[in-house]
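1. here is a sequence with its predicted model. Questions after.
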Amino acid sequence: MSAHPVQTASNDWLAICPASAIPLLGARVVRTALGNVAIFRNQDDQVFAVQDACPHKGGPLSQGIVHGLTVTCPLHAWKIDLDCGEAIAPDQGCVARYPVQVRDQHVYLSLTPLPRTTET
Ligand code: FES
């Protein structure tokens, strides 16, 4: 899916797109000053926003396969937990996560990264 420019909304939140514009089990890429951010939607209609660069060698996670709470990188099949941003063992690495929410059927993104959930 092609990158999508953002528009500024109130406060820290950026209005991204209608929720329906993110394909089920797919992703939408948002170009930001911090690099590309991939917003995913899983089969339970949960949305996640992570840096669109695999912690292994920078593969485009947005082109990966979403299953449950993980995405499989299209390059070498690392699995990344979308909820915490960590690679699934035995692989090790982490992507930045960003707050994302759906309000009134519209997706909003904050570019203030969420803290890591595990120690390095
Ligand atoms: S770049 Fe993602 S698994 Fe290698």
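-> Good, I have the coordinates. Numbering: from 1, shown residues only.
2. from now on I want contacts and neighbour counts done on CA atoms only, so please keep to that.
-> Will do.
3. how about the residues of this protein by the ligand?
-> Neighbours of the ligand within the chain, by C-alpha under 6 Å from any ligand atom: 54, 56-59, 73, 75-78.
4. can you put those in TSV and add distance to residue 42, neighbour count and pLDDT?
-> Converted to TSV, the residues of the chain next to the ligand look like this (distance: C-alpha to C-alpha, whole Å; neighbours: other C-alpha atoms under 10 Å; pLDDT from 0 to 100):
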residue	distance to residue 42	neighbour count	pLDDT
54	18	27	98
56	22	17	98
57	24	10	98
58	22	13	98
59	20	18	98
73	15	24	98
75	20	15	98
76	21	11	98
77	18	15	98
78	18	24	98
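5. can you pick out the most distant pair from those?
-> Checked with C-alpha to C-alpha, the residues of the chain next to the ligand reach their widest spread between 58 and 77, with 12.1 Å between them.
6. show me where the chain has its helices.
-> Taking DSSP state H as the test, none of the chain falls into helices.
7. what residue ranges in it score low on pLDDT?
-> Counting by pLDDT under 70, the chain shows low-confidence ranges at 1-11, 118-120.
8. so what's residue 56 up against?
-> 78, 93 (C-alpha atoms under 8 Å, 6 or more residues apart in numbering).
9. how many other residues sit next to the residue nearest to residue 38 when sequence neighbours are not counted?
-> Spatial nearest neighbour of residue 38, excluding adjacent residues (C-alpha to C-alpha, 6 or more residues apart in numbering): residue 29 at 4.6 Å. By the criterion of other C-alpha atoms under 10 Å, residue 29 has 25 neighbours.
10. what do you get for the one 3 residues further on?
-> Counted with other C-alpha under 10 Å, residues neighbouring residue 32 total 13.
11. if I look at residue 29, how far off is residue 43?
-> 18 Å (C-alpha to C-alpha, to the nearest Å).
12. ok, residue 107 next?
-> 16 Å.
13. contacting residues for residue 78?
-> Here residue 78 is in contact with 56, 72, 87-88, 91 (criterion: C-alpha under 8 Å, 6+ apart).
14. buried ones among those?
-> By neighbour count, with 16 or more other C-alpha atoms under 10 Å, the contacts of residue 78 hold 56, 72, 87 as buried.
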